[in-house]
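need a structure here:
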Amino acid sequence: MPKAGLAKSESQYGVHPGVAMVQKWLAELKENTGRSMEEWIVLVNKEGPKDEKSRREWLKSKHKIAPNSAWWIAERAEGKGGDEDSPEVYLKAAVRYVEAQYAGPKKKLRPIFDELLTLGKSLGKDVKACPCKTIVPLYRNHVFAQVKPTTNSRIDLGFALTHYKGKLSKRLIDTGGLAKKDRIMHRIEITAVEQIDGEVKKWLKTAYDLDV
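Here you go, the predicted model:
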C-alpha cells in the first residue's frame, strides 16, 4: 500500500530539466576531468580536507575543477546531493520537497497548493510541475508560473508575464524579477482556497499562453 501511495504522489510531478544537465555532466566527468564521480569521491575522502567548503576550494585550486563541478563533487563526497542524478531519484525527491514545504505550521496551506497544482496541470498536457526545495515551478517550454509557500499563512503564485502587453491587474504584485533577471515578475497572494478565483485562473492561463 505505501508503494502505491508513493507512485500516485510521484505521478503528479514531471522530471526537472536540470536532471538532464546533471546526467550529461556525470557522463562526461571522466573525459573532462580524468576521473569518474566514484573515483573523485574516493580521492576526496582519502586526500582532501575534512570539511565540505575546504574540499570545494581544494578541488578548484589543486585539481582545476570548475566551480559547479567542485561543489557537486564535494557535496557527494559528504553523502549529500544527487537528487538530480536520475529521473527516478529526482521524482522521489520531488515528493519529499513538497512534503517538507507544507509540513508543520504550513500544513494548512497544502489544500491551496493541491488546488493550484490541479489548476496548472489542467491548462494543457504539456504542463509539468517540477518541485524544488522551496518552490514548485510550472513548466511548459519554460517556467511560466511558480507556487511558493512564502509564510505560514500565505502562498505566492508567481507568473511570467514579461511579454504581456495589456493592462495589469492591481492584484498583481511586482516581484522585482526584472532587475533580478528572473522570469517570475508578478505574483498574487493567496491565503485561502476560495481566493483561487476567476482572476487567478485568468493570469495563470495568460502566463501559460505566453510561454510558446
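
measure the most centrally placed residue in the chain to Gln146 for me?
Compute the mean C-alpha point of the chain, and by CA atoms, centre = their mean the closest residue is Cys132, 2.7 Å away. Between Cys132 and Gln146 the computed distance is 9 Å (CB to CB, to the nearest Å). (C-beta placed from N, C-alpha, C; glycine too.)

what does Lys121 give?
Here the criterion is CB to CB. By it, Lys121 lies 14 Å from Gln146.

go on, Lys167?
23 Å.

what does Ile41 give?
Ile41 is 33 Å from Gln146, by CB to CB.

which of those two has more residues huddled nearby?
Gln146 (26 against 18; other CB atoms under 10 Å).

that one against Thr134, yeah?
No - the criterion here is CB atoms under 8 Å, and Gln146 misses it with Thr134 at 9.9 Å.

parallel or antiparallel, which strands does the lengthiest strand in the chain pair with?
Of all segments of type strand in the chain, defined using DSSP state E, the longest is strand 143-151. Here strand 143-151 is paired, per DSSP bridges, with strand 136-139 (antiparallel), strand 154-159 (antiparallel).

what comes up buried for the shortest one?
Residues of strand 136-139 classed as buried: Val136, Pro137, Leu138, Tyr139 (neighbour count, 16 or more other CB atoms under 10 Å).

okay, the strands paired with strand 143-151 in CSV with mean pLDDT and distance to Gly79 next?
Below are the strands paired with strand 143-151 laid out as CSV (pLDDT from 0 to 100; distance: least, CB to CB, whole Å):
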stretch, mean pLDDT, distance to Gly79
strand 136-139, 98, 26
strand 154-159, 98, 33
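
to Asp83, which of the ones you listed lies closest?
With CB to CB, the closest approach to Asp83 among the strands paired with strand 143-151 belongs to strand 136-139: 14.6 Å.
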